[in-house]
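Student: the amino acid sequence is not available; the structure is as follows:
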């Protein structure tokens, strides 16, 4: 949707998967008189009061149960799709169910989808922009690549404007499951320097702002790496967290030893190394990062 169209009327935005990042988006868009009428899809009745208090009209529906999604047809001008794919398999039936429901009455004008940078697979530490061919090496990355393909197809078939946000590790000191201090306190090992991999990050508040920027300015069939400016290997990242908060630095182990001690999921994060370009994020979405480096994000009050 063109920004002039957004100014002409008060369109409806549906947020699908309104967890931590979705709630941050609601806080950005929630003030009375803002440009959006806000809806939030949830599968949990227990979340209805919190969503309503945040300024959204809650809608009960489950992406795993297509019959509960019929009411979404024709309901929204724009959709922010933040829901994760299923935990298993290589396809994302949740996104497929959502798209079928949205298409019943013409669908929204635009969809912004939060994907993952895992769709690139291991890049050997190379710099990566959005033109790189997708090569997901894990089932988790393959599910996200499947969702991207389904969204691109729907955009071409129905004339919807599809913007894809490829997101790395999300962190914030006030984020459940995303506070980097938790991992350091657990003493989870990191790799020795010669075996370590480059990792990428985005503060949860900057991700929420990127979602809004994409709703307003995202181009059709366009992907955006949503990451900060940090260039860090994973061990250095967690060393910085430990030093900032007076915690013990995590132990360093070899990759061979890590393979014996860590789960396949943990090893998957240690096996992919890439440095992400965020040029499109800054130039096309015109997002000025509030936390341009992890060091900046760690300075926020604990």
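Tutor: Perfect, thanks for sending it. Just so you know, these numbers come straight off a predicted model, no measurement behind them.
Student: confirm residue 206 sits in a strand?
Tutor: No - counting by DSSP: H, G, I helix; E, B strand; the rest coil, residue 206 falls outside a strand, being helix.
Student: surely it meets residue 289?
Tutor: Yes - contact criterion Cβ atoms under 8 Å: residue 206 and residue 289 qualify, at 5.3 Å. From N, CA and C alone the C-beta is placed, and that goes for glycine too.
Student: give the residues shared as contacts by these two.
Tutor: Counting by Cβ atoms under 8 Å, 6 or more residues apart in numbering, the shared contacts of residue 206 and residue 289 are residue 228.
Student: comparing the two, which residue is more hemmed in?
Tutor: Counted by other Cβ atoms under 10 Å, residue 206 and residue 289 do not tie: residue 206 has more neighbours, with 26 against 21.
Student: and the gap between that one and residue 78?
Tutor: 20 Å (Cβ to Cβ, to the nearest Å).
Student: report the separation between residue 121 and residue 94.
Tutor: As defined by Cβ to Cβ, residue 121 lies at a distance of 22 Å from residue 94.
Student: okay, helices next: where are they in the stretch 201-302 of the chain?
Tutor: Taking DSSP state H, counting those that start in this stretch, the helices of the stretch 201-302 of the chain run over residues 204-217, 234-244, 255-261, 264-270, 279-283, 294-298.
Student: wait, which of these is closest to residue 142?
Tutor: Across the helices of the stretch 201-302 of the chain, residue 142 has its closest neighbour in helix 264-270 (11.7 Å, Cβ to Cβ).
Student: so who does residue 89 touch?
Tutor: Residue 89 makes contacts with 139, 143, as judged by Cβ under 8 Å, 6+ apart.
Student: now residue 243
Tutor: residue 249 are the contacts of residue 243 under Cβ under 8 Å, 6+ apart.
Student: residues contacting residue 29?
Tutor: Residue 29 sits next to 13, 35-36, 38, 55, 212 when contact means Cβ under 8 Å, 6+ apart.
Student: okay, it and residue 114: tell me how far apart.
Tutor: Distance, residue 29 to residue 114, using Cβ to Cβ: 16 Å.
Student: kindly report the same for residue 62.
Tutor: Going from residue 62 to residue 114 by Cβ to Cβ gives 19 Å.
Student: between these two, tell me which one has more neighbours.
Tutor: The residue with more neighbours, out of residue 62 and residue 114, is residue 114; 24 against 15, by other Cβ under 10 Å.
Student: surely that one is within a strand?
Tutor: Yes - counting by three-state DSSP, residue 114 falls inside a strand.
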